[in-house]
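Participant: test case, fold it:
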Amino acid sequence: MSCGHCKAAVEKALKAVDGVENAVVDLANKTAEVTLNKEVKDDTLKKAVEEAGYEVV
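Facilitator: Numbers count the residues shown, from 1 in each chain. Got it, this is the predicted structure:
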């Protein structure tokens, strides 16, 4: 990811996961911080990002 469009796409994909209250992507650090309102498996979050067309590293 290297642009605002990519950032927005990943945030949207993560926020669409049931249990995700908020998601914020930091392009400089190549991270995503997710706030949950219930337990969500890491694999579920990873799948959402990959289905949006991005690689989880």
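Participant: strands along this structure, start to end?
Facilitator: According to DSSP state E, the chain carries its strands in the segments 20-26, 31-36.
Participant: skipping its backbone neighbours, what lies nearest the residue most central in space within the chain in space?
Facilitator: Closest to where the C-alpha atoms of the chain average out (CA atoms, centre = their mean) is residue 14, at 3.8 Å. With CB to CB, 6 or more residues apart in numbering as the criterion, residue 14 has its nearest non-adjacent residue at 3.6 Å, and that residue is residue 23. Placement of C-beta: from N, CA and C, glycine included.
Participant: hmm, residue 15 and the one you found touching each other?
Facilitator: Yes - taking contact to mean CB atoms under 8 Å, the distance of 5.1 Å between residue 23 and residue 15 places them in contact.
Participant: neighbour count winner among the two?
Facilitator: residue 23 (21 against 15; other CB atoms under 10 Å).
Participant: for the more buried one, which residues are in contact?
Facilitator: The neighbourhood of residue 23, defined by CB atoms under 8 Å, 6 or more residues apart in numbering, consists of 10, 11, 14, 15, 32, 33, 34, 35.
Participant: can I get the buried part of the residues you listed as one PyMOL selection?
Facilitator: Provided next is the PyMOL selection string for whichever of the contacts of residue 23 are buried by 16 or more other CB atoms under 10 Å:
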select buried, resi 10+11+14+32+34
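Participant: quick one: the helices in this protein?
Facilitator: 4-15, 42-51 (DSSP state H).
Participant: returning to what we had before: determine which two of the contacts of residue 23 are furthest apart.
Facilitator: For the contacts of residue 23, with distances taken as CB to CB, the pair at the greatest spread is 10 and 35 (14.8 Å).
Participant: just put the strands of the chain in CSV and tack on mean pLDDT.
Facilitator: Putting the strands of the chain into CSV (pLDDT from 0 to 100) gives the following:
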stretch, mean pLDDT
strand 20-26, 97
strand 31-36, 97
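Participant: now do the same contact list for the residue of the chain positioned farthest from its centre.
Facilitator: In the chain, the greatest distance from the average C-alpha position (CA atoms, centre = their mean) is reached by residue 38, at 15.8 Å. Applying CB under 8 Å, 6+ apart to residue 38 gives the contacts 18, 19.
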